[in-house]
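S.K.: sequence below, structure please.
(2 chains)
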There are 2 protein chains.
Amino acid sequence: MEDKYRPIGVFDSGLGGLTVVKDLLACLPNEDIVFFGDTARVPYGGKSRETITAYVREDIDFLLTHHVKAVMIACNTADSMARETVTPDYTVPLVGVVRPAAKQAALVTENRRVGVIGTKATVESRAYETSMAEIAPDVQVFPVACPLLVPLVEEGRFHRGDAVVDRVLSDYLAPLREKKVDTLILGCTHYPLLYDSIAAIMPETHLICSGSASTEALINTLRERDLLNDGQTHGSIQYYVSDAPARFAENGGKFIGREIHGSVSLVSLKKPAKA
Amino acid sequence: MEDKYRPIGVFDSGLGGLTVVKDLLACLPNEDIVFFGDTARVPYGGKSRETITAYVREDIDFLLTHHVKAVMIACNTADSMARETVTPDYTVPLVGVVRPAAKQAALVTENRRVGVIGTKATVESRAYETSMAEIAPDVQVFPVACPLLVPLVEEGRFHRGDAVVDRVLSDYLAPLREKKVDTLILGCTHYPLLYDSIAAIMPETHLICSGSASTEALINTLRERDLLNDGQTHGSIQYYVSDAPARFAENGGKFIGREIHGSVSLVSLKKPAKA
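M.R.: I've put the predicted structure just below:
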């Protein structure tokens, strides 16, 4: 098979990466996609760089068994903590979510003050500051760790008007409103579900989601390497998870914006123990 | 070494089990303790029975490398989902937290209506209903899954008067107040930190924590087998975690009620891959 007809691999620690898949499906409808969600070890956001890096290698290695032509790291934590470290070990391109979002923020900010909300690990990694320093050194980045947002979204509490969500968001966003950022990066692939609630609290602020920015980066990467699928048939999507496939199928719909049809397969990343 | 002088093993998915250790230290000051927290895979509460059971076996196997004389499963999720399945595979006694708490609740309830709050997995397992049916079949059990409480406690948001905590707790406890339970089991080893906030919402209700009930069960088990340490020296405690030992040492203090002195060691549960 020509390389361009191989699928695109996408992974996340759990469900969040499906918000990126949503954008991929809209922009690249004829590509085949293999998605992996590491639901046996979710979440990554509070874990250490060493552990996250080990998990990311296993996630990528799994996708490579499906002969993917490129890997989309649809998880800000994984991208921030591990992409740079693992990149030299792979020949397929690894496209992340951090740099594309930083680039888009640099384009739209007028007062050169950009906020970032993300997991503890993403904020600790300083990945957004590092990317922005390379892309637009005059832009100041103000990061805030929001460890409760992933659990809230995973529990289905993301609707505008939910008293707990509004209260938690107000607390987290208060310092960014004080800093008068005019642009806010939703630096976690779970956060697009909170878009309306965040927009209600910061109505004058440009909100940047990882999905659309990184889809554009992926398209550029594939085009440069002549890897865009030029077929005319509609692409397929296969889902794999490391735990609880039924729960993934049930809850994934709200992330991807449509029902999860077809099967979700359970896989074990565990290598066989020595006899 | 005589068996009675071997240490007691205790494990949890993360920090919560330290609330049980707090009770152990108070009641059994001359016992040595080896604690393991599976922080690389925390939390267990939203994962499947198969995955939790596999993790529990690895946790116990790790403790056995330290020649423990008994294992305290200081995690309601692990106990509910896996203890019965794995018990036949071990010769050391495995003491859980569910049955002792159910027993204590049966003793104190006057109206025979007992509420249980716990993780999604604990509630799905129906472990409290099963235990209560054996202990006191006339007691009705009303379980409520509270998936946001562990993330809140892990983030340090457990103080009475925290607006988010009070709101989340009010939502979760409302159906139990309606059911007029006179006794509530805090069915997760993280929840003792929420004791004051829960007591403020349900002031007339007996609150049962897993720690003291299960410590009593452990003492009985050790006594029956002549395994109580009768030495006069003060016991030691060793901590092991699968990720981020510094963070464990920093945050563990609020669970165990004293600073975590001495070292916290990082271990990998991963078996070496086949060559």
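
S.K.: contacts (any at all) between chain B and stretch A:250-265?
M.R.: No. Figure legend: stretch A:250-265 not in contact with chain B (C-beta under 8 Å from any C-beta of the partner chain); closest approach 10.4 Å. Quick note: C-beta positions are derived from backbone N, CA and C, even for glycine.

S.K.: show me the contact partners of that stretch.
M.R.: Outside stretch A:250-265, the residues that touch it by C-beta atoms under 8 Å, 6 or more residues apart in numbering or on different chains are A:15-16, A:18-19, A:21-22, A:25, A:154, A:156, A:190, A:193, A:237-241, A:245-246, A:248-249.

S.K.: and what about the nearest residue to residue A:175 once chain neighbours are set aside, helix, strand or coil?
M.R.: Once flanking residues are discounted, residue A:175 sits nearest to residue A:144: 6.2 Å by C-beta to C-beta, 6 or more residues apart in numbering or on different chains. Classification of residue A:144 using DSSP: H, G, I helix; E, B strand; the rest coil returns strand.

S.K.: the helix or strand where residue A:53 lies: which residues count as buried?
M.R.: Counting by DSSP states H and E, the element that carries residue A:53 is helix A:49-64. Applying a neighbour-count criterion of 16 or more other C-beta atoms under 10 Å in any protein chain shown, one finds A:50-60, A:62-63 buried in helix A:49-64.

S.K.: among those residues, which are within reach of chain B?
M.R.: The overlap between the buried residues of helix A:49-64 and the neighbours of chain B (C-beta under 8 Å from any C-beta) comes to A:50, A:51.

S.K.: kindly reformat the buried residues of helix A:49-64 as JSON lines containing pLDDT.
M.R.: Compiled in JSON lines, these are given as follows (pLDDT from 0 to 100):
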{"residue": "A:50", "pLDDT": "96"}
{"residue": "A:51", "pLDDT": "97"}
{"residue": "A:52", "pLDDT": "97"}
{"residue": "A:53", "pLDDT": "98"}
{"residue": "A:54", "pLDDT": "97"}
{"residue": "A:55", "pLDDT": "97"}
{"residue": "A:56", "pLDDT": "98"}
{"residue": "A:57", "pLDDT": "98"}
{"residue": "A:58", "pLDDT": "97"}
{"residue": "A:59", "pLDDT": "98"}
{"residue": "A:60", "pLDDT": "98"}
{"residue": "A:62", "pLDDT": "98"}
{"residue": "A:63", "pLDDT": "98"}
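
S.K.: closest one of the buried residues of helix A:49-64 to chain B?
M.R.: residue A:51 (4.6 Å; C-beta to the nearest C-beta).

S.K.: the closest residue to the closest one other than its chain neighbours in helix, strand or coil?
M.R.: In this structure, residue A:51 finds its nearest non-sequential neighbour in residue B:243, 4.6 Å apart by C-beta to C-beta, 6+ apart. Per three-state DSSP, the secondary structure class of residue B:243 is coil.

S.K.: give the contact list for residue B:243.
M.R.: A:47, A:48, A:50, A:51, B:39, B:40, B:266.

S.K.: list the contacts for the last one?
M.R.: Which is residue B:266. B:240, B:241, B:242, B:243, B:245.

S.K.: by neighbours, which of the residues you listed wins?
M.R.: Sorting the contacts of residue B:266 by how many neighbours each has (other C-beta atoms under 10 Å in any protein chain shown) puts residue B:242 first, at 26 neighbours.

S.K.: could you measure from the nearest residue to that one once chain neighbours are set aside over to residue A:45?
M.R.: Distances taken as C-beta to C-beta, 6+ apart place residue B:40 nearest to residue B:242, at 3.7 Å, with adjacent residues excluded. For residue B:40, the distance to residue A:45 equals 13 Å [C-beta to C-beta, to the nearest Å].

S.K.: so those two - more neighbours on which side?
M.R.: For residue B:40 versus residue A:45, neighbours defined as other C-beta under 10 Å are more numerous around residue A:45 (29 against 24).

S.K.: still on that earlier bit, can you tell me which of the contacts of stretch A:250-265 are buried?
M.R.: Applying 16+ other C-beta under 10 Å to the contacts of stretch A:250-265 flags A:15-16, A:18-19, A:21-22, A:25, A:154, A:190, A:193, A:237, A:239-241, A:245, A:248-249 as buried.

S.K.: which residues in the stretch 51-200 of chain A form helices?
M.R.: A:76-86, A:98-108, A:120-125, A:127-135, A:149-154, A:163-178, A:195-201 (DSSP state H, counting those that start in this stretch).

S.K.: and residue A:36, helix, strand or coil?
M.R.: From three-state DSSP, the assignment for residue A:36 is strand.

S.K.: tell me which element the nearest residue to it once chain neighbours are set aside falls in.
M.R.: In space, and not counting its chain neighbours, residue A:36 is closest to residue A:11: 4.3 Å by C-beta to C-beta, 6+ apart. Counting by DSSP H and E, the element that carries residue A:11 is strand A:8-12.

S.K.: I'd like the contacts of residue B:266 as a markdown table, with distance to residue A:214 and pLDDT appended.
M.R.: Shown next, in a markdown table, are the contacts of residue B:266 (distance: C-beta to C-beta, whole Å; pLDDT from 0 to 100):
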| residue | distance to residue A:214 | pLDDT |
| --- | --- | --- |
| B:240 | 38 | 98 |
| B:241 | 33 | 97 |
| B:242 | 31 | 97 |
| B:243 | 27 | 96 |
| B:245 | 33 | 95 |
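
S.K.: wait, which of those residues is closest to chain A?
M.R.: residue B:243 (4.6 Å).

S.K.: tell me the confidence at residue A:266?
M.R.: Listed pLDDT for residue A:266 reads 96.

S.K.: residues in contact with residue A:208?
M.R.: By C-beta under 8 Å, 6+ apart, the neighbours of residue A:208 are A:101, A:104, A:105, A:108, A:183, A:184, A:185, A:186.

S.K.: quick one: contacts for residue A:66?
M.R.: Applying C-beta under 8 Å, 6+ apart, the residues contacting residue A:66 are A:7, A:9, A:34, A:238.

S.K.: can you do 10 Å?
M.R.: For residue A:66, the contacting residues are A:6, A:7, A:9, A:32, A:34, A:36, A:238, A:240, by C-beta atoms under 10 Å, 6 or more residues apart in numbering or on different chains.

S.K.: for PyMOL, what selects the buried ones among the residues you listed?
M.R.: Per 16+ other C-beta under 10 Å, the buried members of the contacts of residue A:66 correspond to this PyMOL selection:
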select buried, chain A and resi 6+7+9+32+34+36+240
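
S.K.: the buried ones among the contacts of stretch A:250-265 in helices, which ones?
M.R.: A:18, A:19, A:21, A:22, A:25, A:154, A:245, A:248, A:249 (DSSP state H).

S.K.: same list, those residues, but as CSV with distance to residue A:197 please.
M.R.: Shown next, in CSV, are these (distance: C-beta to C-beta, whole Å):
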residue, distance to residue A:197
A:18, 19
A:19, 15
A:21, 22
A:22, 18
A:25, 24
A:154, 15
A:245, 29
A:248, 24
A:249, 26
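
S.K.: sounds good, over and out.
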